[in-house]
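A.B. asks: below is the sequence, then the predicted model.
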Amino acid sequence: MQSGETADSPRSGRVAVAALRGVTKRFPGIVALDAVSLEFHPGEIHVLLGENGAGKSTLVSLLAGMQQPDEGDILIDGAPATIDSPRRSMDLGIGAVFQRVLLVPSLTVIENLMLGGSWLKPLARAAALRRFEELSSLLGTRIDPHAPVSGLSLGEQQQVEITRALWRDEKLLLLDEPTSMLTPQGVADLGRMMQRLKEKGVALILITHKLLEAYDFGDRISVLRLGRFAGDIGPQRLQAMSEAERTDTVIGLMFGTDGAPAAGATAATATTAASATATPAAASDPSREEELAILLGKKLRRANTVDRSKPATLSVHALSTAPDFAETPLHAVNFDLWSGEVLGIAGVDGNGQKHLAEVLAGQRPSWQGRIELAGSDITRGRVPERRQRGVRYVTDDRLGEGTVGTFSVAANLVLKEIGSPPYWRRGISDWELIHESAREQIRRNDIRTPSELTPVGKLSGGNVQKVLLARELDAEANVAILNKPTYGLDLHNQRLALDRIVAAAGRGVALIVISTDLDELLEVSDRIGVMFQGRLAGIVDNDDGALDKIRRLMAGAQA
Amino acid sequence: MNALFTEPFLVSLLFGAVTAGLPLLLAGLGEQISEKAGVLNIGLEGMMLIGAYTGFVATYHTGSFWLGFLAGGAGGMAAALIVLFLCIRKGLNQIVIGIAITVGAQGLTSLLHFVQFSRSYPRLPAAPILALPLLRDIPVLGKGLFSHNPLVYLGVILVAVLAWLFRSTYLGLSLEAAGNKPAALDAAGVDVVRTRSVAVLCTGFLAGLGGAYMANVGAGLFVPFITGGAGVIGIVLAMLARGRPLWVLIGAALFGASLAMTTALQVAGIDIPTDVVQMLPFAVVMLVLVLFARNSMLPPALGSPYVRGER
Amino acid sequence: MTTTPGERGAGPAATLLRVLIPVVLALVAGGLILLALGKDPLGYYGYVLQRSLLRWGGVQETLTRMAPLLLIAAGLIVAFRAGLWNLGGDGQFLLAAVASAALAPALAPWLPRGFNLIVCMLVGSLVGALWSLIPAVLKARYGVNEIITTLMMSFLGTSLANVMIKLVLRDPDTTVPQTRSLPVDDRLPRLFGTTIHGGLLLAVLAVILVHLMMTRTAFGLKLQVLGANRAAAIHAGLRVERLTIGAFALSAGLIGLGGAVEVLGVWGTVRADWNPALGLLVVPLVFLARFNGYAVMGFTLFFSALMVGGESAARRVGVPQHYVLVLVALLLLFLALVEYLDQTRRKLKAA
């Protein structure tokens, strides 16, 4: 299936606001989009579904003017258009809201919205404020236009972005994974906003990899797989199907009904397809059901093997950190962690998780409270002391602080042991040994890299994460803290990471897994704690009632 | 000690402070524009030097001081073009290119001076002075502050103009965004490269202007290395001023006063060694930095080239 | 820009080309500038070559001139690799020179020559290192930008050195203010009957040691991590504050040693208002060599020859000494361009 026309084609007479016709986009070593054709119509929420690497973000960047197609056409109102800059995209009536907030923190809301005016004209503040009022009432938002952006919450910042995207009465609104940073309340607000825009006749494109969202919001769902248009489900079919049928169709489109890898897949994704289906011919193989269940948010639990009769490996008492302007500090956090246990930490991003990870790893000093490891007080020590005692930290900022991008894979694998034997003797480096050991680790962990000498910055996200996991979940690990270990990874690498976590727990490592993905936490955790405004609002056992309790705690209520 | 508050001393100090301070003001304001937009111009000293040379040559051949100022500004802009093409458009390391510009300017202007003037050492006639009516009759201040070449008054007005520009124009917003979060500016449809290019050209112009003033008005001649660190001081002033033009004015005034102190003390007949006096402004800056040891609030995107689509 | 730890560099032929091309381009472009001004470029280059490298006297001078340059380069390599912009070399150099110039003649009657020299060199290094302490602490503890602080300290240092010479350490017997002169016999010994002093050996050794330290020791690797990615350094548990101050101290200490060596080996005294201003001049050389110790020696030799040859070129060929600065600037520009072209070529190849 190559085109977007199905039995549910929109009513004739409505010209598509925007359309892609046979669009292909290549990057070095990969075909991001392969002869894709799609149409987007006014008054319709068109969901683009696909996992990471399917080509969704590339499509967004084409429409937003960040890239140009190598082949094919983009049509706006039926006529071919060249979108060669963000300005051009805006001129054509396309508004885009990206995953990362693109607002200038030191300017106020209204100043951010005024960015882009011609330099030769005087500042039209009054007109801008009026427009802001208009759009605020349309969208149902309530933000002070004179507030500096740095003081707004992520949800509010996103609302400002949406306001900006519609500033000039755009006809097409692109939303790229808008819900990843929002509270459940925020997601509901977004949904209502999209309805209002839909009624006004705006064409909406919603990019996501979450199935439930797609059903909740979408009028039409198109699936991208490995850069190709895999199929779509129009409004009538969507309403007619049951949840199970929908899911089955969508999964089929996302991963291929016959389980065989799609033509042109790279070696890595061939493994994805292969691992997703244990035996290609089987109609209902266990791992595919697993995938289904995970994607649907059904809980899969590990066997509970934690022995709580022994003393806890890690004990945290009344732990607080000093405030700093970037992240929420901790307030009197208490918990115990046992060997072989996985403690999941849930919560909306920015409620103290970063501080928690850093203070346990030794990167951040505590302000008050105590941390005990195997009975001894380790509160005073910093990273080197913690590491010596077996504390490991897999950071979410993989290229920013977890690795040095210009250093080789080998150097990065020993980054936290500089100066220690066996790689260093009396301060002198044994590069032979370091490289040999790196080759071994690359082999054992299936890290895809041309060699151990390749700079880590050249590896794909999944492989960088493999380097980090290999480095941290080593033989001497005792306690490991993992911050968003599957963020930004494709399904195959997500599974790998989770498998490694489960394996480490099996070996007796005590693990803390911080994540915003509740499904993932419910899958691997023995207990789940919820961070809310710097406090550990509660810890629940991972049983049937857990999801509800967690949701309530995340919103600030009592469990 | 009484000699300190006599008219000759004060007039000498004030007059000297303005004469020495104006090039620092212009250079500092210029650098501030660049830094706001996220460009670190280490080559400021070189731009001033080139401006000093071109300004001197222009006035020497035409007799017009205004043409000299324009030529100085143009010279500075020419040097800024190098930063524009290599750093802003091609993304080469700003500090390396800046050092190359300064060193190259020093070498080139010395070479040109040697070829053209090393035998003659020409001097310019005294620069025209515009004594402001009414104000010039105030005792002490009149002769010290209000009887200067018109460029001085323009410089002070520039402070107000820039302050307004930064806060209340689209260009000002674009500059702020370019230095703070260029990706946001790009998403808003404004060309980041163009914004930074405009900033750097303005810096070059102002630096060259300051250099021309130093040569034509301050000294009346051109010798190699005449700028003597003024560009460096300009960079420091801009970094300390945290984006506020008024602070550049205050800093330039203070530095200018310290630089003028030597001559003023001589006029007053007080004998403190020049080297000690020369240490003053730098010691003060260090003291300020140590006492108020906080980040000098540089824009986050300072020094990094912007490439669209790069994370 | 540099070879990353653990990565094998490109083949020797390619590296040599990458280095030679900017040099040739710079010489050609510089020659064109000379032509435009009515000078004879070939005559100039020929004269410089002959004066500095084709005469035994010239060779000795060139090599002698290299000593302080190499020490400064070693100091800059340490700082720049650690991501620290130590632009205060002039002040560190000068104060160390003054300190050793003042101390040496005072101690000479009491100590055997070798001992005296060693003590004075150590004192010089110490003075240099101490002069970097304030910028180092401000940067390590409070994140204060070191470009400003080192530049300010440099201005302060040169003025302070002058004050010391003119007021405190002045030799009462001379008309021109300078420190008491160190007799030639008490200075650094000459090597093998040449006029080159032992400081050169020390300097070469320093560069080699710094290179080995950066590439083969844990400390060097830690500095590189700090310079490449500060957040990663913290994440990896490196003691960033200590490393910063340590790197600064080592860097300024080496530069100070350069000042001491120059005085103890060549001049024997420091005159007021003397400032060879080598601190910033060596920066381009270090970049050109991409922080590689052996390449630094090559470029320093080249630069030293230019300086020695260029000094008398003003009278002989009509090209002033400062023309050398133009060549250095051109070298830097062409280096940056060649780097850029090389990178784009590699990116296209990967596509």
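C.D. replies: Nice, I can see it.

A.B. asks: element containing the most centrally placed residue in chain C, please.
C.D. replies: For chain C, the residue nearest the mean C-alpha position is residue C:72 (2.8 Å; Cα atoms, centre = their mean). Counting by DSSP states H and E, the element that carries residue C:72 is helix C:56-81.

A.B. asks: if you count contacts, what does that helix end up packed against?
C.D. replies: Counting contacts by 3 or more Cβ pairs under 8 Å, 6 or more residues apart in numbering or on different chains; DSSP states H and E, helix C:56-81 packs against helix C:41-53, helix C:89-107, helix C:199-216, helix C:218-228, helix C:240-262, helix C:278-288, helix C:293-311. In short, each C-beta sits where N, CA and C put it, glycine included.

A.B. asks: could those go into JSON lines alongside distance to chain A and mean neighbour count?
C.D. replies: Listed next are those as JSON lines, based on distance: least, Cβ to the nearest Cβ, whole Å; neighbours: other Cβ atoms under 10 Å in any protein chain shown:
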{"stretch": "helix C:41-53", "distance to chain A": "37", "mean neighbour count": "18"}
{"stretch": "helix C:89-107", "distance to chain A": "26", "mean neighbour count": "27"}
{"stretch": "helix C:199-216", "distance to chain A": "5", "mean neighbour count": "20"}
{"stretch": "helix C:218-228", "distance to chain A": "4", "mean neighbour count": "23"}
{"stretch": "helix C:240-262", "distance to chain A": "11", "mean neighbour count": "27"}
{"stretch": "helix C:278-288", "distance to chain A": "16", "mean neighbour count": "24"}
{"stretch": "helix C:293-311", "distance to chain A": "16", "mean neighbour count": "21"}
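
A.B. asks: just the pLDDT at residue 209, thanks.
C.D. replies: With no chain named, the answer covers chain A. For residue A:209, the pLDDT comes out at 72.

A.B. asks: ah, I was thinking of chain C
C.D. replies: We have a pLDDT of 96 for residue C:209.

A.B. asks: measure it to residue C:83 for me?
C.D. replies: Per Cβ to Cβ, to the nearest Å, residue C:209 is found 21 Å from residue C:83.

A.B. asks: returning to what we had before: ok, the residue nearest to the centre of chain C touching residue C:256?
C.D. replies: No: with contact defined as Cβ atoms under 8 Å, residue C:72 does not count as touching residue C:256 (9.8 Å).

A.B. asks: spit out the residues that contact these two alike.
C.D. replies: residue C:93 (Cβ atoms under 8 Å, 6 or more residues apart in numbering or on different chains).

A.B. asks: right, so of the helices and strands packed on helix C:56-81, which gets closest to residue B:164?
C.D. replies: Closest to residue B:164 of the helices and strands packed on helix C:56-81 is helix C:278-288 (Cβ to Cβ; 36.7 Å).

A.B. asks: residue C:60: how many residues sit nearby?
C.D. replies: Using other Cβ atoms under 10 Å in any protein chain shown, residue C:60 has 17 neighbouring residues.

A.B. asks: what does residue C:118 give?
C.D. replies: 12.

A.B. asks: the residue in chain A that chain B sits nearest to in helix, strand or coil?
C.D. replies: Across chain A, the shortest distance to chain B (Cβ to the nearest Cβ) belongs to residue A:87, at 3.6 Å. Under DSSP: H, G, I helix; E, B strand; the rest coil, the three-state class of residue A:87 is helix.

A.B. asks: how about the closest residue to it other than its chain neighbours, what does it touch?
C.D. replies: Spatially, and ignoring its direct neighbours in sequence, residue A:87 is nearest to residue B:189 (3.6 Å; Cβ to Cβ, 6 or more residues apart in numbering or on different chains). Shown in contact with residue B:189 (Cβ under 8 Å, 6+ apart): A:85, A:86, A:87, A:89, A:90, A:116.

A.B. asks: how about residue B:236, secondary structure?
C.D. replies: helix.

A.B. asks: next one, pLDDT for it please.
C.D. replies: For residue B:236, the predicted pLDDT is 87.

A.B. asks: if I read this right, it contacts residue B:285, doesn't it?
C.D. replies: Yes: using Cβ under 8 Å, residue B:236 makes contact with residue B:285 at a distance of 6.5 Å.

A.B. asks: what sits in contact with each of the two?
C.D. replies: Common neighbours of residue B:236 and residue B:285, using Cβ under 8 Å, 6+ apart, are C:148, C:152.

A.B. asks: more neighbours: which of the two?
C.D. replies: Neighbour comparison, residue B:236 and residue B:285: the larger count goes to residue B:236, with 28 against 25 (by other Cβ under 10 Å).

A.B. asks: before we move on, the earlier item: mind listing what the residue of chain A closest to chain B touches?
C.D. replies: Going by Cβ under 8 Å, 6+ apart, residue A:87 touches A:65, A:116, B:189, B:190, B:191.

A.B. asks: low-confidence ranges in the stretch 51-200 of chain B?
C.D. replies: Residue ranges of the stretch 51-200 of chain B with pLDDT under 70: none are present.

A.B. asks: and what of chain C?
C.D. replies: C:1-11, C:350-351.

A.B. asks: for the closest residue to residue C:197 other than its chain neighbours, give me its contacts.
C.D. replies: Residue nearest to residue C:197 in three dimensions, not counting chain neighbours: residue C:265, with 3.6 Å by Cβ to Cβ, 6+ apart. Residue C:265 makes contact with C:64, C:67, C:187, C:188, C:197, C:198, C:199, according to Cβ under 8 Å, 6+ apart.

A.B. asks: return the backbone torsion pair for residue C:265.
C.D. replies: Per-residue torsions, residue C:265: phi -100, psi -40 (degrees, to the nearest 10).

A.B. asks: that one and residue C:69: what is the separation?
C.D. replies: 13 Å.

A.B. asks: now residue C:243
C.D. replies: Using Cβ to Cβ, we find residue C:243 at a distance of 26 Å from residue C:69.

A.B. asks: tell me how many other residues surround the residue in chain C positioned nearest to chain A.
C.D. replies: Of all residues in chain C, residue C:237 sits closest to chain A, at 3.0 Å by Cβ to the nearest Cβ. A count of neighbours around residue C:237, defined by other Cβ under 10 Å, yields 22.

A.B. asks: quick check: chain neighbours aside, which residue is closest to it?
C.D. replies: Counting by Cβ to Cβ, 6+ apart, the residue nearest residue C:237 is residue A:383, at 3.0 Å.

A.B. asks: what does residue A:55 give?
C.D. replies: Nearest to residue A:55 is residue A:227, by Cβ to Cβ, 6+ apart, at 4.2 Å.

A.B. asks: so what's the one you found up against?
C.D. replies: Neighbour list for residue A:227: A:31, A:32, A:33, A:34, A:36, A:54, A:55, A:58 [criterion: Cβ under 8 Å, 6+ apart].

A.B. asks: of all those, which two lie farthest apart?
C.D. replies: When Cβ to Cβ is used, the two most widely separated members of these are A:31 and A:54, lying 11.8 Å apart.

A.B. asks: the two - which one has more neighbours?
C.D. replies: Neighbour totals were compared for residue A:31 and residue A:54, and residue A:54 leads with 24 against 18 (other Cβ under 10 Å).
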